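Novice: Predicted model, plus sequence, below.
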Amino acid sequence: MQPDEVPGTGARHDRIPAHGKDALRARIIAARRALTPVARAEAAESLRGHVLELAADLEDGPVCAYLPIGTEPGSVELLDSLRATGRSVLLPVVPARPGPLDWAPYLGAGAVGPGPHRLLEPTTARLGPAALRTAVLVLVPALAVDRRGNRLGRGAGYYDRTLGAATRGTLLAALLHDGELLDDLPADPHDRPVAAVVQPSSGTLALGNNSRP
């Protein structure tokens, strides 16, 4: 599959209309579910290596990440590996009411518990939404990203409410499976773009909006 193909179709899409977001989400989720356990494990291990290389080039500071659910790219092993390098890892905590994500330290798989939306959350002390501003890298979940950095999420809007608080020196990078970097996605004014994507086969790719110093 080529990077600008829509998963599950093999067809190029130069422009996805706004009303097609739900159909695209369904197609990508179906393609992810079709991956074999071996393919998912190999992708997760490749992403782990790429993210460690990326983080090694950044200054000292926390990494904001996430615990993947289902077929999302990423792994607990990635989080543990980041901690093993001496990095502080912060994970999101979904607020009771719609708003920016809260953050809490990740201290290992034994220090997480169930949260809303089938998510797992840290059981450690909450640091507040402003903790994002301390991060040097934010690993963002996404279903797809285009070459301008526009991100297709699951539609809840939590990251769009959150990422605007990141400082200019913070790298926002989405983790993707191969084939989920598209030519173009519809974007709304409230959408927050990412500056890079990390894919299993191609590693880290800076996007057109990457303005980090």
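Specialist: Yep, it's here. Numbers count the residues shown, from 1 in each chain.

Novice: Would you check that P116 makes contact with V94?
Specialist: Yes - with contact defined as Cβ atoms under 8 Å, P116 reaches V94; the gap is 5.0 Å. C-beta: built from backbone N, CA, C; applies to glycine.

Novice: Between these two, which has more neighbouring residues?
Specialist: V94 (16 against 10; other Cβ atoms under 10 Å).

Novice: correct me, but the more buried one touches P122?
Specialist: No - checked against Cβ under 8 Å, the pair V94 and P122 is beyond contact range at 11.7 Å.

Novice: shaky segments in this protein?
Specialist: Within the chain, the set of residues satisfying pLDDT under 70 comprises 1-19, 155, 209-213.

Novice: Helices of that one, start to end?
Specialist: In the chain, helices defined by DSSP state H lie at 21-34, 37-56, 76-84, 158-162, listed in chain order.

Novice: tell me what the longest one is packed against?
Specialist: Helix 37-56 makes packing contacts with helix 76-84, strand 137-141, strand 171-175, strand 196-199, strand 203-206 when contacts are defined by 3 or more Cβ pairs under 8 Å, 6 or more residues apart in numbering; DSSP states H and E.

Novice: Show residues contacting stretch 191-199.
Specialist: Stretch 191-199 has contacts (Cβ atoms under 8 Å, 6 or more residues apart in numbering) with 3, 47, 50-51, 54, 139-140, 142, 145, 148-151, 159-160, 162-164, 171-178, 180-181, 187, 204-207, 209-212.

Novice: Off-centre distance for it?
Specialist: Distance, stretch centre to chain centre, for stretch 191-199: 8 Å (Cα atoms, centre = their mean, to the nearest Å).

Novice: Please write out the alpha-carbon positions of it in PDB.
Specialist: Taking Å, rounded to 0.1, in the frame of the first residue of the first chain, the C-alpha atoms of stretch 191-199 are listed here in PDB:
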ATOM      1  CA  ASP A 191      -8.500  21.200  14.300                       C
ATOM      2  CA  ARG A 192      -5.000  21.200  15.600                       C
ATOM      3  CA  PRO A 193      -2.300  19.900  13.200                       C
ATOM      4  CA  VAL A 194       0.600  17.700  14.000                       C
ATOM      5  CA  ALA A 195       4.200  18.500  12.800                       C
ATOM      6  CA  ALA A 196       5.300  14.900  12.100                       C
ATOM      7  CA  VAL A 197       4.100  11.300  11.700                       C
ATOM      8  CA  VAL A 198       5.900   8.100  12.700                       C
ATOM      9  CA  GLN A 199       5.100   5.000  10.600                       C
END
